[in-house]
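Novice: A structural model of the following input is requested.
(one chain, ligands or ions: 1)
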Amino acid sequence: MGLLSGQKRTNTRYLIEVPHEPDECLWVMDEIIGRGPQYAHMFWWGCHVGEHRAWALLDGPGREAALEEALPPVLRSRAIVHRLSRVDGPGLRARHDEQEEARR
Ligand SMILES: [Zn+2]
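Specialist: Sure thing, here's the model as predicted:
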């Protein structure tokens, strides 16, 4: 599927968030390391500052595909998948104005 490299760039990303308890860090890390170094490299961790979550930002054709790419099955049910979109400067202004208009 090529989620990790080379695919066409889109303005949609999926932020995979893996919340866990302080006593689960090593287990979560083991599961992610166990998938291979390219997977370990994708994740950012908050554990060292007491924010027990790991995050990875992926391209992908959809929520489920991103989740399957990022995580082994045992971690998927606890993950939160955020769908994010990038908006360029003029697009952001247009979106702002639409929301402002809607409030009137
Ligand atoms: Zn942790």
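Novice: Spell out which residues of the protein are next to the ion.
Specialist: Applying C-beta under 5 Å from the ion, we find that the chain lies next to the ion at Cys25, Cys47, His52. All C-beta atoms are positioned from the backbone trio N, CA, C, and that covers glycine.
Novice: can you redo the residues you listed as TSV with pLDDT and neighbour count?
Specialist: Putting the residues of the chain next to the ion into TSV (pLDDT from 0 to 100; neighbours: other C-beta atoms under 10 Å) gives the following:
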residue	pLDDT	neighbour count
Cys25	97	15
Cys47	97	16
His52	98	18
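Novice: out of those, which are inside helices?
Specialist: Among the residues of the chain next to the ion, DSSP state H puts Cys25 in helices.
Novice: Grab the nearest non-local neighbour of the most centrally placed residue in the chain.
Specialist: A centroid search over the chain (C-alpha atoms, centre = their mean) returns Leu15, at 1.9 Å, as the residue closest to the centre. Setting aside the residues directly before and after it, Leu15 is nearest to His82 in space (C-beta to C-beta, 6 or more residues apart in numbering), at 4.1 Å.
Novice: What is the burial count for that neighbour?
Specialist: His82 has 13 neighbours, counted by other C-beta atoms under 10 Å.
Novice: Low-confidence stretches in the chain?
Specialist: Under the criterion pLDDT under 70, the flagged ranges of the chain are 1-9.
Novice: sorry, back to before: so the residue nearest to the centre of the chain belongs to a strand, correct?
Specialist: Yes: when classified by DSSP: H, G, I helix; E, B strand; the rest coil, Leu15 is found to be part of a strand.
Novice: Contact partners for it?
Specialist: Listed by C-beta atoms under 8 Å, 6 or more residues apart in numbering, the contact partners of Leu15 are Trp55, Ala56, Leu57, Val81, His82, Leu84.
Novice: Is the first one bridged to anything, and to what?
Specialist: Per DSSP bridges, the residues bridged to Trp55 are Glu17, Trp44.
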